[in-house]
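Pasting a predicted model and its sequence here:
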Amino acid sequence: MKQTSEHFLENARVALTQTEARQRMTGLGQLMPMMRDAAVAEVDFEALREHVKRIKDHTLDNLDHYLRQFEEQVVLNGGHLHWARDAAELNATVLDICRSVEARRVGKGKSMITEETGLTEHLETAGLQVTETDLGEYIVQIAGEPPSHIVGPAFHKSEQEIRELFLDQHKLGRRRLEDPPAMVAEAREVLRERFLSADVGIIGSNALIAETGQTLLVTNEGNGDLVSTLPKVHIVCASIEKLMPRPEDALAQIRLLARSAIGTAVTAYTSFYSGPRRADDLDGPEQYHVILLDNRRTEILGSNYQDMLACMRCGTCLTHCPVYIGAGGHAYGWVYPGPMGSVLTPLLTGLEQASDLPNACTSCGRCAEVCPASIPLPDLLRDLRAEENHNKITPARWRWGLKLHGWLARFPGLYQALTGAAIAILHRLGRRSGGFSRLPMAGGWTQVRDFPAPQGGSFMRQWKRRQKQSADRG
Amino acid sequence: MSRDHQPHVGLFVSCLADLFRPSVAFSAIELLESAGCRVEVPAAQTCCGQPGYNSGAVDEARPLARQVIEAFAGFPYVVVPSGSCAGMLKHHYPRLLAEYPEWHARANDLAQRTWEVTSFLVEVMDYSPPVSSLHGRKVTYHDSCAGLRELGIKQQPRKLLSRAGVDVTELQGTEVCCGFGGTFCAKMPELSQKMVDDKLDNAADTGAAMLLGGDLGCLMNIAGRARRRDHDLEVRHVVEVLADQLAEPAIGEGER
Amino acid sequence: MADSGPGILAEVRRRQYGDADSDSIAEDLAALGHTPVRPLDEDEVLEHFLTRLKTNRVDLEVAASKPEAVKRIARFVYREYNGYRAVAGNDRRLAALPWRDGGVLVRFGAATPEDAVSISYARYGIAETGSMVLYCNRDNPAANNWLTRDHIVILESRDLVASLEDAWTGIRRDTDTEGLPRGVTLVSGPSSTGDIIGHLVKGAHGPLRLRVIFLGHVPEELLTRVGFETLPL
C-alpha cells in the first residue's frame, strides 16, 4: 500500500473533523479496555507476561537455532519452506506457487504480513482474483480502503456505511439488511462461494512452533481455517520473529493474546497446522507452503528495539492509546497504527517517512501497562525521537529551542535571573486576566488553549528574598 | 522534635512551580514542615531535563540530570511536587546515564531517595493535614500519567484529601491522559485538544466545580483549555488544597 | 529464485545475543520453567468447563449413555431440519454408535457444502477454556469442523482435562502413536465476528451453532446453576 505516514498530522486533522467516526472511536476506546480488563483479571497477568517475555527473549537470543529446527520440521511434515528477504521476494514466491498450479482464484485470510508486502495488489496485477475472507478485511477490500486496526480492520466504518457498501457491491436485488446479523449472513453466503472456488488459500500465523513445525492460527470467524482446508494449496506467510520453541509456549501466549485482543479467554478456533493432507486424509490441501519473511527484522534483532519483536499483534495498545482513538488508524498511513505501529513503521519503512509517528505520543504509558508482551513502547518511541534529533529529522526550531533551554538550565544563576525577569514581566501583563490567548513562540500551545499567567515572581526569587529576610532578622 | 531527628528533605521545586506557580512549592514546604521535616531548597536547581529527554534531545538532558544529582547529594529525602519530575529522577535518570557507570550508580542512589510529595507525606510521614476549608465541597481529581504509572500515585492524594475532609468525585477515564504530554501538546495541538476536551467533558459530568491534580503541566493544559472554552472549572494543585492556600487565584484565573 | 534462507540465517546468527549449542539452548529453555497458571482443583474442573461453555455461547446436552447421545442428536436434527441426515468422520468411536437405532442417518466422510450438520468426537475437553480438542485427519476431516451450519461434538467425561497443558500432554501421547495430524484444533465456540461496529454476531463463516453432547453425569443442580436447561429426552 502507498504509505502516507509522513502526513500523519494532516490525516489526523481530517479524522478529527469526522464527528461521527470520532464518537465511534471514543466508544471503542472505552469498550475494548473494559473487556480486556475483565478478561485479564482471570489470570495472574504480570506473572504470565513475565514468563512469556522470558520465553520470547530466549527464542530471539537463539533465533537461528529455532528457525533451523522449524524448517526441518516443516519439511519432515511434508511442507515446503521458503525464505523471503523482503516484500518483493515474498510476493514473487507466492505468485510462483500460484502459477505453478495454474491458480486463478485466491482466498485470503487475515495476515498483517501480506498487508505489509502488498501481496493482494501484486497478485491482482498478475491477473488473479483475490478475496479477503475475514469479514473486516473483506469490508475494507470492497470499500477500497486499508485496515484501520490490526484486529478489527473495519472498526472505523459505521453500520450504515457497511450496509450501503453491501447493497451496492452485492448484486442481490432489493433487501433491507436491517442489522449486523443480516449483513453477516449476507457476507457468509457471498464469501462461501469464494471459499469453495479458491485454488489457493493464503493466511498468516500467530506463532510458529519450532519443535513440531506447526503454524498457529487464532480466529473467531473460521475463515482462516476454511482457507487452510478447502483450496488445494495452503500458504502460510509469517515473519521470522514469530517462532516459539514448543506448543506449550504458544499456549502460554494464547492466554494473553485472546484476552488482550478481544477480551475473551480463548477465541472460537485455535488451530495448529502442519503440512499438506496426510495419505489417508479425506480433505485438506495437497501442498503446504510456509514463507518466512525477514523484511528488516534482522536489523531490529540485537538492536535497542529488539523488544518490539515480541509483539503479538493483539491491538490492545491501539485502543488504550488516546492518540490512536483521536487520530484513527488511517492517520498513521501504513499497515500498523497506534503505539506498536509508531515503533514498527519507522523501523520497517524508515524513520524519515514516518517521523511524526514517534512524536504521536504523550508518554502516558498506558500502552506499556497493558502490553501482554511487556514491550516498553514509550521508551522505544522516546529512543526513536532521540534518533530523529540526532539525525536532524526533528525540525530545526525544536532542536535549537531545546538546545538553548538545555544550555541555559545548566547555569542556575543565569537561568534564575533570566527566567525570573521574564516571568515578572509575564506576570504583570497577565495578572488581571489570568491568562494569554496568544504568546510569542508558544503558537502550538495557544492554538487550542490559553496560557495561564504566572502567579507572581518566580519561586526561586521569592525564596531567596525570604531566606535573606529571615537571615537579616536572625 | 529536635532538629537532628527531623527528616531532612531537599525540595526539588520543578521548573513549572518555580516559574508559574510558586504557591505549589510554598504549599509543599508548609506541608513538609508541619509534618515535621526540615526542608531545604538547594539553590543550584533549574529543570529536571524532561523537555529535552522526552523530545529526543538526550545530550541536552544528561548535564541537567548530573546537575540535579550533584545538587541533591546528601539529602536523605528528595521530595518533588510533580509526578513526572519525580518519575524523571527515579526512573529515567538511571536510564539516561546507563552508559556512565559512576553517574549511573549515583542516579540509582538518587532514585532510592526521591519521592513525589503526596506519596512521601502518606508513606513516609503518615501525615494528616488539618481539615480543609473546602470541607464538604465537591472536587474531582485527574491522575497524571507519569505519577500514576511510573510511581503508583493513586490513593496517596485521595487519602490526604479525605483526611482533610475533602472527598473526591471520580471522573470517568481518570487514568486517561489529558493531552499534555510535554512538547506533544505544542507539536500536535489538534490531537491534544481532543484529549483535553474529553477530560473537561468528563470533569463536567461529575458536577464538581474544582479539579485537582499533582502535576502542573497537566493542570495548566486543563486550565488553559477550560479558559479557552469558557468552561467554568477551578483548577489547582492538590498541595495548595492540603495546605489550605486558596487565597491565590486558581490556575489561569485573574486576580480578584 | 535465489534462496535467501542461508543469508537470513547468517544475519540472524550474527545479530542475535546467543551463540549456544543445541544442548545448552534446551537446558536454558527448561530452566525457564512452566507457565504460571493456577491449576484447577479436581472438584472445580467440571463446573469450570460448563461455565466456560456457557460464556462461549456453546449449546450443551448431557447424555448418560451412548444410545441416549444418539437420541439427543436425532431429536436436535429433526427439530432443526425436519430430517435425519448428518455427516461424520471415520472415527471408530463414531462408527460404533447406534445411529440406526437412534434414528440418525450418518454419512461417514468429509462434509460438503450440502451438509447442514456435522458430528465430531472430541479427543479432549479443556475445562480452563471450554474447548474441545479436534484433530483434522481421517477420523475428523477439517471440513466437518467448519463447513456446516451446525457442528455437534461428542465429549466423553473421562476425556475432560483441566488445562491447556494437560490437553497437550494427551496430544503428545496421541502423536507418538498416530503421527502428527495435519491440524490440531481447539474449538471453543460457534464461529463469530465482531467486525461490524464491534457487534458480536454468531455464524460468520463457520458453524452458526456449536453443540456439545457431554457423555457422562452432570448433577442437575450444577447444570441449573451454570445456566443450562435440561432437555427432556
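Noted; the coordinates are in hand.

Just want the most central residue of chain C.
With distances taken as C-alpha atoms, centre = their mean, residue C:132 lies nearest the centre of chain C, 2.4 Å away.

which residues does that residue bridge with?
residue C:125, residue C:187 (DSSP bridges).

That one contacts residue C:152, doesn't it?
No. Residue C:132 is beyond contact range of residue C:152, at 10.6 Å (criterion: C-beta atoms under 8 Å). (Each C-beta comes from the backbone N, C-alpha and C, glycine too.)

Can you check which residues contact both of these two?
Residues touching both residue C:132 and residue C:152 by C-beta atoms under 8 Å, 6 or more residues apart in numbering or on different chains: C:120, C:212.

Skip ahead from the helix or strand where residue A:217 lies and say which helix or strand is next.
Assigned by DSSP states H and E, residue A:217 belongs to strand A:215-219. Next helix or strand after strand A:215-219 toward the C-terminus (DSSP H and E): helix A:223-229.

And for residue 119, the neighbour number?
Assuming you mean chain A. Counted with other C-beta atoms under 10 Å in any protein chain shown, the neighbours of residue A:119 add up to 24.

I was thinking of chain C, sorry if that wasn't clear
So residue C:119, with other C-beta under 10 Å, has 30 neighbours.

Identify the bridge partners of it.
residue C:88, residue C:152.

Surely it touches residue C:106?
Yes. Using C-beta under 8 Å, residue C:119 makes contact with residue C:106 at a distance of 7.0 Å.

Now the common contact residues for those two.
The contact sets of residue C:119 and residue C:106 overlap at C:86, C:87, C:88, C:94 (C-beta under 8 Å, 6+ apart).

Give the buried subset of the residues you listed as a PyMOL selection command.
In PyMOL syntax, the buried subset of the shared contacts of residue C:119 and residue C:106 is picked out as below (16 or more other C-beta atoms under 10 Å in any protein chain shown):
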select buried, chain C and resi 86+87+88+94
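
helix, strand or coil for residue C:62?
Judged by DSSP: H, G, I helix; E, B strand; the rest coil, the three-state class of residue C:62 is strand.

same thing with residue C:86?
Here residue C:86 is strand, with the state taken from three-state DSSP.

pLDDT score for the nearest residue to it once chain neighbours are set aside?
Closest residue in space to residue C:86, ignoring its immediate chain neighbours: residue C:117 at 4.2 Å, by C-beta to C-beta, 6 or more residues apart in numbering or on different chains. Looking at residue C:117, its pLDDT is 98.

Pull the contacting residues for residue C:117.
By C-beta under 8 Å, 6+ apart, residue C:117 lies in contact with C:77, C:80, C:81, C:85, C:86, C:87, C:148, C:149, C:150, C:151, C:152.

Looking at those, spot the one nearest residue B:73.
Among the contacts of residue C:117, residue C:151 lies closest to residue B:73 (C-beta to C-beta), at 70.0 Å.

on that earlier part again, need the contacts of residue C:117 in JSON lines (columns: pLDDT).
As requested, the contacts of residue C:117 are exported to JSON lines (pLDDT from 0 to 100):
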{"residue": "C:77", "pLDDT": "97"}
{"residue": "C:80", "pLDDT": "97"}
{"residue": "C:81", "pLDDT": "97"}
{"residue": "C:85", "pLDDT": "97"}
{"residue": "C:86", "pLDDT": "98"}
{"residue": "C:87", "pLDDT": "98"}
{"residue": "C:148", "pLDDT": "97"}
{"residue": "C:149", "pLDDT": "97"}
{"residue": "C:150", "pLDDT": "98"}
{"residue": "C:151", "pLDDT": "98"}
{"residue": "C:152", "pLDDT": "98"}
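
Report the contact partners of the residue in chain C positioned nearest to chain B.
Proximity of chain C to chain B (C-beta to the nearest C-beta) peaks at residue C:17, 17.1 Å away. Residue C:17 makes contacts with A:60, A:61, A:302, as judged by C-beta under 8 Å, 6+ apart.

Among those residues, which lie within strands?
Residues of those located in strands (DSSP state E): none.

Considering only those, which also neighbour chain C?
For chain C, the contacts drawn from these by C-beta under 8 Å from any C-beta of the partner chain are A:60, A:61, A:302.

right, and the first one touches residue A:310 too?
Think residue A:60. Yes. Using C-beta under 8 Å, residue A:60 is in contact with residue A:310, at 7.4 Å.

ok, those two, which is more surrounded?
Regarding residue A:60 and residue A:310, a neighbour count based on other C-beta under 10 Å identifies residue A:60 as having more, with 25 against 21.

Spatially, what comes nearest to that one if we skip its sequence neighbours?
Distances taken as C-beta to C-beta, 6+ apart put residue A:309 closest to residue A:60, at 5.8 Å, once the chain neighbours are dropped.

Could you list the domains of chain A?
Taking automatic domain parsing as the reference, chain A has its domains at A:43-299, A:310-396, A:406-473.

low-scoring pLDDT stretches of chain C, where are they?
The model of chain C has pLDDT under 70 over residues C:1-2.

Go again with 90.
C:1-2, C:197-199, C:230-233 (pLDDT under 90).

mind listing the helices for it?
Ranges of helices in chain C, per DSSP state H, are C:5-15, C:22-31, C:45-55, C:66-81, C:92-95, C:99-102, C:142-146, C:164-178, C:220-226.

Export these as JSON lines, with columns for distance to chain B.
Shown next, in JSON lines, are the helices of chain C (distance: least, C-beta to the nearest C-beta, whole Å):
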{"stretch": "helix C:5-15", "distance to chain B": "20"}
{"stretch": "helix C:22-31", "distance to chain B": "25"}
{"stretch": "helix C:45-55", "distance to chain B": "27"}
{"stretch": "helix C:66-81", "distance to chain B": "45"}
{"stretch": "helix C:92-95", "distance to chain B": "52"}
{"stretch": "helix C:99-102", "distance to chain B": "56"}
{"stretch": "helix C:142-146", "distance to chain B": "40"}
{"stretch": "helix C:164-178", "distance to chain B": "31"}
{"stretch": "helix C:220-226", "distance to chain B": "33"}
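
do you know which of those lies nearest residue A:67?
The closest approach between residue A:67 and any of the helices of chain C, judged by C-beta to C-beta, belongs to helix C:5-15 at 6.2 Å.

Name the residues of that closest one that are buried.
For helix C:5-15, burial by neighbour count (16+ other C-beta under 10 Å) applies to C:5, C:8, C:9, C:11, C:12, C:13, C:15.

Is the third one in contact with residue A:67, as I believe?
Yes. Distance between residue C:9 and residue A:67: 6.2 Å, which falls inside the contact criterion (C-beta under 8 Å).

Could you tell me which residues touch both of the two?
Shared contacts of residue C:9 and residue A:67 (C-beta under 8 Å, 6+ apart): none.

count of neighbours near the residue in the stretch 51-200 of chain A that chain B sits nearest to?
Residue nearest to chain B within the stretch 51-200 of chain A: residue A:156 (15.6 Å; C-beta to the nearest C-beta). Using other C-beta under 10 Å, residue A:156 has 22 other residues around it.

and it, what does it touch?
By C-beta under 8 Å, 6+ apart, the contact set of residue A:156 is A:21, A:24, A:25, A:148, A:149, A:328, A:329, A:330.

Now with 7 Å, please.
Neighbour list for residue A:156: A:21, A:148, A:328, A:329, A:330 [criterion: C-beta atoms under 7 Å, 6 or more residues apart in numbering or on different chains].

Spatially, what comes nearest to the fourth one if we skip its sequence neighbours?
Nearest residue to residue A:329, sequence neighbours excluded (C-beta to C-beta, 6+ apart): residue A:148, at 3.1 Å.

Out of the ones next to chain C among the contacts of residue C:17, name the ones that lie in helices.
Per DSSP H, helices hold the following members of these: A:60, A:61.
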